[in-house]
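Peer 1: structure for this input, please:
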Amino acid sequence: MESPNLNEEMVVEKKVKKILDPSEIKVNTVIELEPDKRYTNKHNNHHKENEKPIINTHLKSVFSVADVKYTEECKCGPSTYVDVTFADNRKRLFKNENNLDLKLFEYVIVEIEGGLECATVVACGKEAEENLKLCYNNEVPEYSIVRKANSTDMKNVRLNTYDELHIVKKAKKFIAYHKLDMKITSTKWQFDRHRLTIFFTAPQRIDFRSLVKDLARQFRTRIELRQISTREQARRIGGMGPCGLSICCSSFPTNYCQVTMEHAKHQQLPNNLAKLCGYCGRLKCCLMYEEDAYVEVLKKYPPINSTIKTGDGIAYLNKIDVFKENATLYYPKNGLFKVVTGEVLRKFAEDGKVIPPKKENGTKYQKEEDEELLVFEADY
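Peer 2: Alright, predicted model coming up:
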């Protein structure tokens with residue numbers, strides 16, 4: 001295969017001051033911003049006071065728990081911290097040093113590493129302060145919201161989005177030329193076009209140093225090739241879960257969640273991969289929803305499979321219902337099951353009639369099955 005023509009398109013510099021015809025947009029179009037005002041409070045005046053906020057109508061139509069948990073006064077208005085989401089469903093907390101009066105689902109321009117990015121407000125006020133504790137471990141954000149987005153900013157975002165579709169096609173040609181075992185999933189221009197990120201999946205680590213050089217010569221910008229997991233790919237694409245809501249990885253988790261088989265065992269779920277795994281082929285994120293509640297309640301009871309000496313004979317602890325606070329005992333002698341209250345079970349433990357199971361308990365088949373399930377915990 002012949003090498004792609006690295007100079008097939010010239011770099012065209014344009015200042016975006018009017019609506020451009022999408023058919024005239026080249027891959028290497030450079031959108032220039034005002035560099036002297038990017039990180040100053042004066043840049044806040046770039047947004048006209050009488051201009052209406054630009055709302056992300058797509059996110060506004062999606063159901064959120066905050067819709068019923070907080071009142072309208074708690075969900076918007078001036079606040080110290082603001083939680084935003086980006087186009088790839090990635091969430092992040094920012095400071096509101098300019099005391100902007102923000103509204104939910106409003107587009108804003110935020111400061112990130114090495115430039116600016118466009119994002120959507122998803123939480124502010126009391127909700128954002130709670131997210132700081134619950135989702136961000138009280139880590140104060142480093143960067144701030146620069147200003148509200150205006151019509152010119154949204155034109156730039158649309159131009160970037162249109163350009164990204166053509167970049168995917170060109171990047172695939174370079175991958176085929178270098179014969180690399182990788183699959184391009186999407187590309188993302190930084191809002192100010194100072195960096196181009198290309199996301200890909202691969203079965204193993206890829207040496208793409210020569211590919212980056214060719215891409216940098218073609219697109220004349222900083223190139224970042226980022227290998228993502230199947231879980232992150234599902235988060236970027238989005239979708240509908242079996243519960244009828246948006247899949248968890250694209251809605252509630254702040255960071256990449258690590259779900260293990262311990263989450264399923266604490267909830268006493270069967271090893272049914274068809275029900276435990278999501279669209280990404282990994283364990284479902286929603287297994288973490290009630291993890292803390294299960295762990296806290298199970299501390300009051302003996303471990304599963306414990307031997308219990310009852311008046312009717314030897315029984316084994318088969319199941320614990322954390323909501324009804326009762327337990328199911330199995331009597332191997334006659335093959336019967338019996339439901340007892342949590343108080344009765346704790347009374348057996350106080351009287352020394354409960355023998356915990358041995359750690360090496362489990363058949364060879366069960367151990368092999370557990371090893372197979374460990375594969376679905378990994379991110380890759």
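Peer 1: contacting residues around Tyr143?
Peer 2: Neighbouring residues of Tyr143 by Cβ atoms under 8 Å, 6 or more residues apart in numbering: 94-95, 110-112. Bear in mind the C-beta positions are built from the backbone N, C-alpha and C, glycine included.
Peer 1: swap in 6 Å and give it another go.
Peer 2: Each residue near Tyr143 by Cβ atoms under 6 Å, 6 or more residues apart in numbering is listed here: 94, 111.
Peer 1: got the phi and psi for it?
Peer 2: phi -110, psi 170 (degrees, to the nearest 10).
Peer 1: against His194, how distant is it?
Peer 2: Tyr143 is 15 Å from His194, where distance means Cβ to Cβ, to the nearest Å.
Peer 1: and for Lys319?
Peer 2: From Lys319 to His194 the distance is 57 Å (Cβ to Cβ).
Peer 1: again with Cys285
Peer 2: With the distance defined as Cβ to Cβ, Cys285 ends up 32 Å from His194.
Peer 1: when those two are compared, which one has more neighbours?
Peer 2: Between Cys285 and His194, counted using other Cβ atoms under 10 Å, Cys285 has the larger neighbour count: 25 against 14.
Peer 1: hmm, that one is touching Ile247, no?
Peer 2: No. With contacts counted by Cβ atoms under 6 Å, Cys285 stays clear of Ile247, the gap being 7.6 Å.
Peer 1: in the longest helix seen in the chain, what's buried?
Peer 2: For the chain, the helix with the greatest residue count under DSSP state H is helix 151-178. Neighbour counts over helix 151-178 (16 or more other Cβ atoms under 10 Å) mark 153, 155-157, 159-160, 163-164, 167, 170-171, 174-175, 178 as buried.
Peer 1: name the helices or strands packed onto that helix?
Peer 2: strand 183-189, helix 209-219 (3 or more Cβ pairs under 6 Å, 6 or more residues apart in numbering; DSSP states H and E).
Peer 1: ranges for the helices of the chain?
Peer 2: Here the chain has its helices, by DSSP H, at 57-60, 66-69, 72-75, 126-134, 151-178, 209-219, 230-237, 261-266, 273-276, 291-298, 342-350, 364-373.
Peer 1: which of the ones you listed sits closest to Cys118?
Peer 2: For Cys118, the closest of the helices of the chain is helix 151-178, at 5.2 Å, according to Cβ to Cβ.
Peer 1: residues contacting Arg291?
Peer 2: I think there's a mix-up here, since residue 291 is Glu and not Arg. By Cβ under 6 Å, 6+ apart, Glu291 lies in contact with His263.
Peer 1: pLDDT wise, what is it at?
Peer 2: The model reports Glu291 with a pLDDT of 83.
Peer 1: go on, Lys148?
Peer 2: For Lys148, pLDDT reads 92.
Peer 1: next one: Lys17
Peer 2: pLDDT, Lys17: 36.
Peer 1: equivalent analysis for the one 10 residues further on, please.
Peer 2: In the predicted model, Val27 carries a pLDDT score of 44.
Peer 1: for Pro302, give me phi and psi.
Peer 2: Per degrees, to the nearest 10, the backbone of Pro302 is at phi -70, psi 160.
Peer 1: can you get me a residue count around it?
Peer 2: Count around Pro302 with other Cβ under 10 Å applied: 20.
Peer 1: which residue is the nearest non-sequential neighbour of it?
Peer 2: Val354 (4.8 Å; Cβ to Cβ, 6 or more residues apart in numbering).
Peer 1: got a list of what the one you found touches?
Peer 2: By Cβ under 6 Å, 6+ apart, Val354 lies in contact with 302, 306, 308, 348.
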